[in-house]
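K.L.:
Got a sequence here, can you build the structure:
(2 chains)
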Amino acid sequence: DSGVTQTPKHLITATGQRVTLRCSPRSGDLSVYWYQQSLDQGLQFLIQYYNGEERAKGNILERFSAQQFPDLHSELNLSSLELGDSALYFCASSPQLGTGINTQYFGPGTRLTVL
Amino acid sequence: GQNIDQPTEMTATEGAIVQINCTYQTSGFNGLFWYQQHAGEAPTFLSYNVLDGLEEKGRFSSFLSRSKGYSYLLLKELQMKDSASYLCAVRDLTGANNLFFGTGTRLTVIP
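P.N.:
Coordinates of the predicted model:
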């Protein structure tokens, strides 16, 4: 158990809908990262927050957005869902930014299925 | 940008040694990580290299050559539970601690 929690574990929805995925980082970690992993594809970095502020953006679609709240939990919002958005969505957390080893620890993921 | 290459699949025998290679091309380098991921589960941290050389951690070792853009993960005394995907990830120089992952190597350990 990494200490990172994600809810829900599974989500099934229809095309065109909107969903919210939630992540709570490890105690004391200020940085939260979101990744998408499609079938047989690598982890694709989506977006990072550090202490409430957006820090970096990767291959995140305009239909997707995220935020980090004062208690440091984060939410990833996916809207106008398409079949191709079906994937595992992982959240990771780390204590700070890029100094030292600063390992990212991953949550169990949310499996999103768009029908 | 970043380009990270790993073999897609490997098979090895229980009790043996296997080496999983990773080559990378990045615009900036600030460390290389190896993660293990069982199917449908979260990636778990295995090792970290930022300087050239070998880092050993029990049955797992990781090597880095920055001049060659090359790393390998060495797994000794393979066990059936080592069947998993192994992900190589490179951290960039932006200071944001972002990781760029390869597509992973799926290792199957056979009896």
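
K.L.:
so how far is A:Ser80 from B:Thr26?
P.N.:
For B:Thr26, the distance to A:Ser80 equals 33 Å [Cβ to Cβ, to the nearest Å]. (Glycine included, C-beta is placed from N, CA and C.)

K.L.:
Excluding chain neighbours, what is closest to the residue nearest the centre of chain A?
P.N.:
Centroid-nearest residue in chain A: A:Trp34, 2.9 Å away (criterion: Cα atoms, centre = their mean). Once flanking residues are discounted, A:Trp34 sits nearest to A:Leu46: 4.3 Å by Cβ to Cβ, 6 or more residues apart in numbering or on different chains.

K.L.:
picking that back up, what about B:Thr26 and A:Ser80, which has more around it?
P.N.:
Neighbour count, other Cβ atoms under 10 Å in any protein chain shown: between B:Thr26 and A:Ser80, B:Thr26 has more, with 17 against 13.

K.L.:
Quick one: neighbours of the residue nearest to the more buried one when sequence neighbours are not counted, just the number.
P.N.:
Of all residues beyond its chain neighbours, the one nearest B:Thr26 is B:Gln2 (4.7 Å), with distances taken as Cβ to Cβ, 6+ apart. For B:Gln2, the neighbour count with other Cβ under 10 Å is 18.

K.L.:
Contact partners for B:Gln2?
P.N.:
B:Tyr24, B:Gln25, B:Thr26, B:Ser27, B:Val90, B:Asp92, B:Phe100 (Cβ atoms under 8 Å, 6 or more residues apart in numbering or on different chains).

K.L.:
Turn the buried ones among the residues you listed into a named PyMOL selection, would you?
P.N.:
Buried subset of those, written as a PyMOL selection, criterion 16 or more other Cβ atoms under 10 Å in any protein chain shown:
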select buried, chain B and resi 24+26+90+92+100
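
K.L.:
Redo the contacts of B:Gln2 as a markdown table? Include secondary structure and pLDDT.
P.N.:
Below are the contacts of B:Gln2 laid out as a markdown table (DSSP: H, G, I helix; E, B strand; the rest coil; pLDDT from 0 to 100):
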| residue | secondary structure | pLDDT |
| --- | --- | --- |
| B:Tyr24 | strand | 95 |
| B:Gln25 | strand | 92 |
| B:Thr26 | strand | 86 |
| B:Ser27 | coil | 81 |
| B:Val90 | strand | 93 |
| B:Asp92 | coil | 81 |
| B:Phe100 | strand | 90 |
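
K.L.:
quick check, nearest of the contacts of B:Gln2 to A:Asn102?
P.N.:
B:Asp92 (12.8 Å; Cβ to Cβ).

K.L.:
Unless I'm misreading it, that closest one sits right up against B:Gly31, doesn't it?
P.N.:
No: at 9.3 Å, B:Asp92 does not count as touching B:Gly31 under the criterion of Cβ atoms under 8 Å.

K.L.:
could you show me where the strands are in chain A, in order?
P.N.:
For chain A, the strands defined by DSSP state E occupy A:5-7, A:10-13, A:19-24, A:31-37, A:43-50, A:53-57, A:64-68, A:74-78, A:87-94, A:105-106, A:110-114.

K.L.:
Ok, chain B next?
P.N.:
For chain B, the strands defined by DSSP E cover B:2-5, B:9-13, B:18-26, B:32-37, B:44-49, B:53-57, B:60-65, B:70-75, B:84-91, B:99-101, B:105-110.

K.L.:
for the nearest residue to B:Asn30 once chain neighbours are set aside, what are its contacts?
P.N.:
Nearest residue to B:Asn30 in three dimensions, chain neighbours excluded: B:Arg91, at 4.6 Å (Cβ to Cβ, 6+ apart). Residues in contact with B:Arg91 (Cβ under 8 Å, 6+ apart) are A:Gly98, B:Phe29, B:Asn30, B:Gly31, B:Leu32, B:Phe33, B:Asn97, B:Asn98, B:Leu99, B:Phe100.
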